[in-house]
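K.L.:
Here's my sequence, what's the structure:
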Amino acid sequence: MSDWIPVYEASNSLEAHTLKGALEVVGIAVQLRGEALSGALGELPANAVEVTLLIRPADLERAQQVLAGYRQGGERSWKCRHCGEQNAGSFEVCWQCGHEPGTE
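P.N.:
Residues are numbered from 1 along each chain as shown. Next up is the predicted model:
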């Protein structure tokens, strides 16, 4: 894992997997570190179960853009023209059918 760099500390596994998916959608490979510690939650301090997202250094700029959008969180939702599904503003493709906004 030496050629992977940390890009985000997720507060839990759900947030980590959400961000992992958002990064993978734009072609960024992601590894998670620390996810297995959640089983020991009762024995560890809460900050010990954070999950670190790791990426390749070449993807840092694009990853920071995706994460900045996530942190802003106020993006408007959009309705897929293909299937009619409502999507969060942070989604670049429809979670239901995979179409991009504005495509038929």
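K.L.:
now Ile28, nearest residue through space, not along the chain?
P.N.:
Counting by Cβ to Cβ, 6 or more residues apart in numbering, Asp59 is the residue found nearest to Ile28 once chain neighbours are left out, at 4.5 Å. In short, each C-beta sits where N, CA and C put it, glycine included.
K.L.:
my guess is the one you found is in a helix, correct?
P.N.:
Yes: counting by DSSP: H, G, I helix; E, B strand; the rest coil, Asp59 is part of a helix.
K.L.:
element containing Gln96, please.
P.N.:
Using DSSP states H and E, Gln96 is not contained in any helix or strand.
K.L.:
can you count the residues close to it?
P.N.:
Neighbour count for Gln96, taken as other Cβ atoms under 10 Å: 14.
K.L.:
got it, and Leu54?
P.N.:
Here the number of neighbours of Leu54 (other Cβ under 10 Å) works out to 16.
K.L.:
Kindly report the same for the one 3 residues further on.
P.N.:
Neighbour count for Pro57, taken as other Cβ under 10 Å: 10.
K.L.:
show me what contacts the residue nearest to Ile28?
P.N.:
By Cβ atoms under 8 Å, 6 or more residues apart in numbering, Asp59 lies in contact with 23, 28-29.
K.L.:
mind listing which of those are in helices?
P.N.:
Per DSSP state H, helices hold the following members of the contacts of Asp59: Leu23.
K.L.:
Reformat the contacts of Asp59 as CSV; add neighbour count, distance to Pro101 and pLDDT.
P.N.:
As requested, the contacts of Asp59 are exported to CSV (neighbours: other Cβ atoms under 10 Å; distance: Cβ to Cβ, whole Å; pLDDT from 0 to 100):
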residue, neighbour count, distance to Pro101, pLDDT
Leu23, 22, 19, 94
Ile28, 19, 20, 96
Ala29, 12, 24, 97
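K.L.:
Out of the contacts of Asp59, which comes closest to Val66?
P.N.:
Closest approach between these and Val66, by Cβ to Cβ: Leu23, at 5.6 Å.
K.L.:
The protein - how does it break down into domains?
P.N.:
The chain breaks down into these domains under automatic domain parsing: 5-72, 76-104.
K.L.:
Show the average pLDDT along stretch 3-18.
P.N.:
Taken as a whole, stretch 3-18 has an average pLDDT of 92.
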